[in-house]
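Student: for reference, the sequence and a predicted model appear below.
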Amino acid sequence: MDNSDTWLVVPLYNESSVIFDVVSEALLTFPKIVCVDDGSTDSSAERAEQAGAYVVRHPINLGQGAALQTGFDYVIRDSTARFAVTFDSDGQHLTADAARMVERLRNEDLDVILGSRFLDNRTSASPMKRAVLKLAIKFTNLTTGVRLSDAHNGLRAFTVEGLARIRIRQNRMAHASEIVAQIGRTRLRYAEEPVHIVYTDYSRSKGQSLWNSVNILVELILK
């Protein structure tokens, strides 16, 4: 499948030890990758460029939501782009899942496909993490009108037309629920796709703690 009309948008912060391999692997499927380096203090940006990604830099750390919005703006300026996929920089996402989501957008009357780790049995999450994520799902479903099985999954595929209707203002981790809320508010046509989230020792050490997940809910309630 020719994915030259698709961009991977990769928010990047201090992932110098893994980003070269993540980009190199993803380029085998997606020839256009933009990494938004969000004020990294290591060589993440240089390693991403060496692997073949386009890199946009934030001079200071603004947060993952801000990095994604910068990536969205970058993609929308490409007149040949038809699709965009948000893709993590730490190796948790699989390009095979992303490619399948884009293929659905090509063939179905949808604006966005959202990845879900709870639609099959490939992803192994701890009972406590699963419980916190389920709580976040209930809160998001209640407050947004969008019904999902996984509300905080970073693997998402958009048509460019759908992407243009998203404007992220929550710079930090609460942007995930904000995206879902905007999907509901703008009536984007959505579906979910089973995806495998790969939890390695490295990704666990870099990922959100359970308390961060709780903080997302608090931030959304109080915003």
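Tutor: Here it is on my side, so go on.
Student: let me see the contact set for the closest residue to residue 64 other than its chain neighbours.
Tutor: Excluding the flanking residues, the one nearest residue 64 by Cβ to Cβ, 6 or more residues apart in numbering is residue 11, at 4.8 Å. In short, each C-beta sits where N, CA and C put it, glycine included. Residues in contact with residue 11, defined by Cβ atoms under 8 Å, 6 or more residues apart in numbering, are 35, 36, 38, 64, 67, 68, 71, 86, 88, 89.
Student: ranges for the strands of the chain?
Tutor: 6-12, 32-38, 54-58, 83-86, 112-116, 156-159, 190-194 (DSSP state E).
Student: now those strands as TSV including distance to residue 148 and mean pLDDT?
Tutor: Formatted as TSV, the strands of the chain follow (distance: least, Cβ to Cβ, whole Å; pLDDT from 0 to 100):
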stretch	distance to residue 148	mean pLDDT
strand 6-12	20	98
strand 32-38	25	98
strand 54-58	29	98
strand 83-86	15	98
strand 112-116	6	95
strand 156-159	11	98
strand 190-194	6	95
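Student: residue 170: which of these is closest?
Tutor: Among the strands of the chain, the nearest to residue 170 by Cβ to Cβ is strand 6-12 (13.3 Å).
Student: relative to the closest one, what are the paired strands and their orientations?
Tutor: Strand 6-12 has the following strand partners under DSSP bridges: strand 32-38 (parallel), strand 83-86 (parallel).
Student: check the gap between residue 76 and residue 22 for me.
Tutor: 23 Å (Cβ to Cβ, to the nearest Å).
Student: more neighbours: which of the two?
Tutor: Counted by other Cβ atoms under 10 Å, residue 76 and residue 22 do not tie: residue 22 has more neighbours, with 27 against 15.
Student: of all the strands paired with strand 6-12, which one comes closest to residue 202?
Tutor: strand 32-38 (17.6 Å).
Student: got the CA positions of that closest one in CSV?
Tutor: Output of strand 32-38 as CSV, limited to C-alpha atoms (Å, rounded to 0.1, in the frame of the first residue of the first chain):
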residue,chain,number,x,y,z
LYS,A,32,6.4,10.8,5.7
ILE,A,33,7.1,11.3,9.4
VAL,A,34,7.2,14.5,11.3
CYS,A,35,8.6,14.5,14.8
VAL,A,36,7.8,17.5,17.0
ASP,A,37,10.7,17.8,19.4
ASP,A,38,9.2,19.4,22.5
